[in-house]
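*Asks:* Below are the sequence and a predicted model; questions follow.
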Amino acid sequence: MPEEVSQRAKILFLNYPNNPTGANATRKFFEETITYANKYEIAVIHDFAYADIYYTDEKPISFLSIPGAVEVGVEIYTFSKTFNMAGWRSGFTVGNESLIKHLSAYLQNAVGGVFGGIQDASVFALLHQQAERNALRELYHERQLLVESFLKTLDWEYVAPQGTFFLWAKVPLPINSIEFADQLLEEALVAVVPGSIYGKNGEGWIRISLVTSLEQLKESFERIKRFLLRKRGY
């Protein structure tokens, strides 16, 4: 980051496994982050929402597992991804005591609390849902492999995710990502996210979600295949 930005910054917000890219952080990256935070006295907040959704042999690294991390930051976890509790707004934060106190004060004044029944469900999930967590991860992995097989069949360039439930594929036609997404929705009734909404580096790509069923994914790619054949004049 530019020096003038670093001098003024107060908080560095990170998210790994990363949404939208699907990338994992390395120990070296987190070590460099801690060095940077100490140099400029910046608080680090690591959003570990996709901690349990990964596709490699190695589990995603917790920021707080790195020496020195607790002196500069906190880590946030949500139940929405691991336990399919999106919208319940249940989660927790661990790490630096001073930052936790500030967060607690903010939540008490701005949000209030989480309904007790949701808190009880969250406790139960943590204590008794290990098998379900593993099954959900395997389900997302199965969907990932299915989508990748479709993309390979169509000679469609893509990037395999390391985590999250998203996959990136290159726009297969000579149009921009928004035009491609619009045409795919209008003509094939399939929704994808144009990469350009995430910034200039996303242009030329689309993001495919793995949160629908295997049957719907198969149907979607049959429609996409017919769409591409029409566009290419076959």
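*Replies:* Good, I have the coordinates. Because the structure is predicted, anything quoted here is derived from the model rather than measured. Residues are numbered from 1 along each chain as shown.
*Asks:* so residue 24 sits right up against residue 57, yeah?
*Replies:* No - using C-beta atoms under 8 Å, residue 24 is not in contact with residue 57; the gap is 11.6 Å. All C-beta spots, glycine's among them, are computed from the backbone N, C-alpha and C.
*Asks:* residues of the helix or strand encompassing residue 44 that come out buried?
*Replies:* Using DSSP states H and E, residue 44 maps to strand 43-47. Buried residues in strand 43-47, counting neighbours by 16 or more other C-beta atoms under 10 Å, are found at 43, 44, 45, 46, 47.
*Asks:* ok, back up a step: the more surrounded of residue 24 and residue 57?
*Replies:* Set residue 24 next to residue 57 and count neighbours by other C-beta atoms under 10 Å: residue 24 wins out with 21 against 5.
*Asks:* Show me how far the longest helix along the chain is from its chain's centre.
*Replies:* Using DSSP state H, we find that the single longest helix of the chain is helix 130-153. Here helix 130-153 is found 15 Å from its chain centre; the criterion is C-alpha atoms, centre = their mean, to the nearest Å.
*Asks:* What is it packed up against?
*Replies:* Applying 3 or more C-beta pairs under 8 Å, 6 or more residues apart in numbering; DSSP states H and E, we find helix 130-153 packed against strand 166-170, helix 214-231.
*Asks:* distance of residue 203 from residue 193?
*Replies:* From residue 203 over to residue 193 the distance is 13 Å, taken as C-beta to C-beta, to the nearest Å.
*Asks:* Neighbour count for those two, which is higher?
*Replies:* Using other C-beta under 10 Å, the more surrounded residue of residue 203 and residue 193 is residue 193, with 19 against 15.
*Asks:* In this structure that one contacts residue 202, no?
*Replies:* No - counting by C-beta under 8 Å, residue 193 does not reach residue 202; the two are 9.1 Å apart.
*Asks:* what residues are shared contacts of the two?
*Replies:* Shared contacts of residue 193 and residue 202, defined by C-beta atoms under 8 Å, 6 or more residues apart in numbering, are found at residue 20.
*Asks:* Which among the helices and strands packed on helix 130-153 is found nearest to residue 131?
*Replies:* helix 214-231 (20.3 Å; C-beta to C-beta).
*Asks:* in that closest one, what's buried?
*Replies:* Neighbour count says helix 214-231 has 217, 220, 221, 224, 227, 228, 231 buried, by 16+ other C-beta under 10 Å.
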